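Asker: A predicted structure for the sequence below; I have some questions about it.
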There are 2 protein chains.
Amino acid sequence: MAYQRSALMQERLAENRQRILASARQLVARGGFRAASINAVAEVSGLSTGAIYRYFPSKSALFIEVLSSAVRHECDILLAIVDGDGSAGERLRAAVESFARRALQGPHLAYAFIAEPADPEVEAARILCRREFSDVFKRVLRQGIASGEFPKQSVDVSAACVVGAFTEALVRPTEHSARRRQDKALVGAIVDFCERAVTGTA
Amino acid sequence: MAYQRSALMQERLAENRQRILASARQLVARGGFRAASINAVAEVSGLSTGAIYRYFPSKSALFIEVLSSAVRHECDILLAIVDGDGSAGERLRAAVESFARRALQGPHLAYAFIAEPADPEVEAARILCRREFSDVFKRVLRQGIASGEFPKQSVDVSAACVVGAFTEALVRPTEHSARRRQDKALVGAIVDFCERAVTGTA
DNA sequence: GAAAAAAGTGAAACACTATTCACTAAAATA
DNA sequence: TATTTTAGTGAATAGTGTTTCACTTTTTTC
């Protein structure tokens, strides 16, 4: 008598789950955590509030998944750059630039990675996310120091500073918004700053 | 018939006001905004919840005052260093070091300056606070660049990066906490990072 | 097609907290 | 001291947003 889901049904359920995640991500990207209530998620994804709880046990669980999947995606991109070709300095520049550029596309999402969320559970996930980012930068730093390209420095601290430097520099403009012209210059200045900080050369 | 407050009474009222502010600051410093409900503030300051509203029109107003007075105090300290003696590089190092050291004393308070608060009104105040901090650093940067001591760079971006770099590096340890031994090394590494970033010399 | 199981609904229950307000206590005036 | 004005109380109110649940609809099994 074991009930079995048809392939079609299974697919529809998976689709719903994805739609819920996508809706939540979209809401965070547009208006931050604040704008992403369960009701809003339900509305955007075309389901009822109750249905959300069939897919996720709680609001926290939903947003933890939103955050961590977004971060995994970003980290994959960064890792490809960091483990690519070129000198450590070149790869660092490329990684910072890529990260900064992408963050400017969805400033609120970037903000959510840094912002204190209401829920302590999500907070824990957020901390892990930042660690993942800085871990990527630690890789290049270690390589550059080992090869003598970078001066000796605390890899932990420098990686955290790099992440902090551009999140601060990027997130601040969130309020103004809509100044696409200056983006290029902003990204360039951030990249320069981080390069000097790490390489110690003007 | 105009009612006049006695000097004693006036003093007691001012004292209460200060006690409320101090209680709120203490609660934020210990447990972040999250722990600082009006009820908690009332309890700590030994007044009733209703009484708080005789001194401050709203929770937001209270916390805006807490934040801005704390920031003013920190900025005063930084300004004294920045406008003091020594080369631009020395003063920058001293300012970063002082800021980092003091932030380590009350990590949650430092966190509150960065964290997204629930209330948009407080958020606005928070943004101003960060700008005040970075304005202080802009001063040294301009001086150093003018004298040729620092290479050319975007003063706005570099100042934001400096603030971001050490807030990230400082705030992260908040979770662990209670590792006073490594503090000195941490502060040193942050100062080095910022110096390299700004001066471009290892 | 009827019975059983699961998915989906959305209004109501619940939790959390800022804010109010009818009231009491204290202080200033006369 | 009696009266008026202000300070202070804290339970009730109100707004917000998550979670539940009795119920309907859809899907699967026989």
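Answerer: On my side now, so go ahead. Numbers count the residues shown, from 1 in each chain, chains lettered A, B, ... in the order given.
Asker: and the residue nearest to A:Val44 when sequence neighbours are not counted, what does it touch?
Answerer: Spatial nearest neighbour of A:Val44, chain neighbours left out: A:Ser23 (3.9 Å); criterion: Cβ to Cβ, 6 or more residues apart in numbering or on different chains. Placement of C-beta: from N, CA and C, glycine included. Each residue near A:Ser23 by Cβ atoms under 8 Å, 6 or more residues apart in numbering or on different chains is listed here: A:41, A:44-45.
Asker: interface residues of chain A facing DNA strand D?
Answerer: Counting by Cβ under 7 Å from any atom of the strand, the residues of chain A close to DNA strand D are A:1-6, A:8-9, A:34, A:37-39, A:49-50, A:53, A:58-60.
Asker: So among those residues, which ones count as buried?
Answerer: Buried subset of these (neighbour count, 16 or more other Cβ atoms under 10 Å in any protein chain shown): A:34, A:38, A:59-60.
Asker: Sitting in helices, which of those residues do you find?
Answerer: A:38, A:59-60 (DSSP state H).
Asker: Dump the residues you listed to JSON lines, plus pLDDT.
Answerer: Listed next are those as JSON lines, based on pLDDT from 0 to 100:
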{"residue": "A:Ile38", "pLDDT": "97"}
{"residue": "A:Lys59", "pLDDT": "95"}
{"residue": "A:Ser60", "pLDDT": "94"}
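Asker: domains of chain A?
Answerer: With domains defined by automatic domain parsing, chain A comprises A:8-56, A:67-199.
Asker: Can you tell me, leaving aside adjacent residues, what's nearest to the residue minimising distance to the centre of chain A?
Answerer: Centroid check for chain A by Cα atoms, centre = their mean gives A:Val71 as the closest residue, at 4.1 Å. Excluding the flanking residues, the one nearest A:Val71 by Cβ to Cβ, 6+ apart is A:Cys129, at 4.3 Å.
Asker: What is the burial count for that neighbour?
Answerer: Neighbourhood size, A:Cys129 [other Cβ atoms under 10 Å in any protein chain shown]: 20.
Asker: Do you know the pLDDT at it?
Answerer: Note for A:Cys129: predicted pLDDT of 85.
Asker: which strands and helices sit next to the helix or strand harbouring it?
Answerer: For A:Cys129, the host element (DSSP states H and E) is helix A:120-146. Helices and strands touching helix A:120-146, as assessed by 3 or more Cβ pairs under 8 Å, 6 or more residues apart in numbering or on different chains; DSSP states H and E, comprise helix A:59-82, helix A:88-105, helix A:107-114, helix A:155-171, helix A:183-199.
Asker: Would you mark the buried spots in that helix?
Answerer: By neighbour count with 16+ other Cβ under 10 Å, helix A:120-146 contains the buried residues A:122-123, A:125-126, A:129-130, A:133-134, A:136-141, A:143-145.
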